[in-house]
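Enquirer: Here's my sequence, what's the structure:
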Amino acid sequence: MPKNRKIRLLAFGLAASTLGACIGGDGAADNRPTPPETMLRLDLAIAADSALDPVMAAGWDDMASAMGTDISCSDYSGLPAVKLFSADVQRLLPPLDSVETVLGHVKARMAEQLPDIGWKHTFAIVWPYSQSISYCSDGSVLVALNHYLGADYPGYAGRFPAYIAANKTPGMLPVNLAEAILSSEYAYAGPDNGNPPTLLNRMLHDGAIAYAMKSCLPAATPLSTLLGISPEQAEWLIRNEAEVWRLMMERRLIYSTDPQLADRLLGRAPASHAISPDAPGMTARFIGMRIIEAYAETHPSTTIGHMLSPDFYNSTQSLIDSNYAPRKQ
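Expert: You can find the predicted model right below:
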């Protein structure tokens, strides 16, 4: 069953490129028609300053809970930052039909692969916070449209690092949303024995999250988008996978229990210096995903849910059973 299901705010900035190596799942499954997932425009309903229908009212309750405020809709829509962002969303955001088509694909595949997830409504909002996606305890998803106005949007300058701002495009919305749901439903849980988690434990968890995202996204989704790196960085990882793994083993990084090291190697960053100055951010997550892929290949009957369980990612045996052994290219 999913763990730690509660309201969590998650900030995302995945790479906006549509180039590079593709990481999709089963092509036949990708070709099955799925209905689009309509983003309910809660932002427009709030701005209209009229009574909300029951669905929108529930969305507003989720939004207010996520913000930790009891402000009224009219007072909220009158905030200077909200007025500014709302005007820019109306002016700059292109039609979202193609985004909603991809969201429908993601929702259908997620329901097949992980049926315990209760994703219900998707609400489009505007708010002056750094989080782009909020997944709520009732299964609603809040999408802050002002985080998808393009890399050159002036409001991002000085507020987000360049490698994050470069990814704030509408095409990244479905990827961000998939990660928000999966990371909330399957948040990392430490070993039952009370020992601190190793980098390997967290790599297996984050690798399983990436693998689950891959299984839900369209097959043409590039690796660079999945990891939030440039196409050139994705190609570097593919070329140097064996060398990266050798260095991580040689330096015993995978056995480290330093949480700050794990955060640096697994999180979004300009580089993963502890491995190599040329290694991009998310390098450890890439290796974790490759281990998960190797395990899935040797254990075809295993489920994504199993690989997202603490018993799996907190066990060194999972690495052994994967037979992961990348070869130098």
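Enquirer: any idea how far residue 194 lies from residue 314?
Expert: The spacing between residue 194 and residue 314, counted by Cβ to Cβ, to the nearest Å, is 12 Å. Bear in mind the C-beta positions are built from the backbone N, C-alpha and C, glycine included.
Enquirer: Who has more neighbours out of those two?
Expert: Regarding residue 194 and residue 314, a neighbour count based on other Cβ atoms under 10 Å identifies residue 314 as having more, with 22 against 6.
Enquirer: and the more buried one, what is it in contact with?
Expert: With contacts taken as Cβ atoms under 8 Å, 6 or more residues apart in numbering, residue 314 has the following neighbours: 189-192, 197, 201, 204.
Enquirer: Helix or strand: which one has the most centrally placed residue in the chain?
Expert: Taking Cα atoms, centre = their mean as the criterion, residue 179 is the residue nearest the geometric centre of the chain, at 2.4 Å. Taking DSSP states H and E as the definition, residue 179 sits inside helix 173-185.
Enquirer: Same question for residue 40.
Expert: Residue 40 is located in strand 39-41, with elements delineated by DSSP H and E.
Enquirer: what lines up beside that strand in the sheet?
Expert: The pairing partners recorded for strand 39-41 under DSSP bridges are strand 122-125 (parallel).
Enquirer: what's whatever helix or strand comes next after the strand it pairs with packed up against?
Expert: Secondary structure here is assigned by DSSP H and E; on that basis, the next helix or strand after strand 122-125 toward the C-terminus is strand 133-135. Secondary-structure packing of strand 133-135 (3 or more Cβ pairs under 8 Å, 6 or more residues apart in numbering; DSSP states H and E): strand 8-10, helix 54-67, strand 141-144, helix 173-185.
Enquirer: which outside residues touch the third one?
Expert: Contact with strand 141-144 is made by 39, 42, 59, 62-63, 66, 119, 121-127, 129, 131-136, 173, 177, 180-181, as judged by Cβ under 8 Å, 6+ apart.
Enquirer: Please identify the buried residues of that strand?
Expert: Taking 16 or more other Cβ atoms under 10 Å as the neighbour-count basis, strand 141-144 is seen to contain the buried residues 141-144.
Enquirer: now these as TSV including distance to residue 276 and pLDDT?
Expert: Supplementary listing: these in TSV, determined by distance: Cβ to Cβ, whole Å; pLDDT from 0 to 100:
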residue	distance to residue 276	pLDDT
141	36	98
142	38	98
143	35	98
144	35	98
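Enquirer: Pull the most distant pair out of the residues you listed.
Expert: Of all pairs drawn from those, the greatest distance, 10.8 Å, lies between 141 and 144 (Cβ to Cβ).
Enquirer: now the contacts of strand 141-144: which count as buried?
Expert: Burial by neighbour count, judged by 16+ other Cβ under 10 Å, picks out 39, 42, 59, 62-63, 66, 119, 121-127, 131-136, 173, 177, 180-181 from the contacts of strand 141-144.
Enquirer: next structured bit after the helix holding residue 179?
Expert: Downstream of helix 173-185, the first helix or strand assigned by DSSP H and E is helix 199-216.
Enquirer: Quick check: mean pLDDT of the helix or strand that comes right after that following helix?
Expert: In the C-terminal direction, the helix or strand that comes right after helix 199-216 (DSSP H and E) is helix 223-227. Here helix 223-227 scores 90 as its mean pLDDT.
Enquirer: Settle this for me: residue 58 is touching residue 136, isn't it.
Expert: No. Taking Cβ atoms under 8 Å as the definition, residue 58 is not a contact partner of residue 136, at 9.7 Å.
Enquirer: continuing past the longest helix along the chain, what's the next helix or strand?
Expert: When secondary structure is assigned using DSSP state H, the longest helix within the chain turns out to be helix 231-250. Scanning forward in sequence from helix 231-250, with DSSP H and E defining helices and strands, the next element found is helix 259-266.
Enquirer: For that next one, give me every contacting residue.
Expert: Under Cβ under 8 Å, 6+ apart, the answer for helix 259-266 is 196-197, 199, 202-203, 206, 253, 256, 272-275, 282-285, 288.
Enquirer: one more time with 10 Å
Expert: 188, 196-203, 205-207, 248, 253-254, 256, 258, 269, 271-275, 279, 281-288 (Cβ atoms under 10 Å, 6 or more residues apart in numbering).
Enquirer: Fine, thanks again, bye for now.
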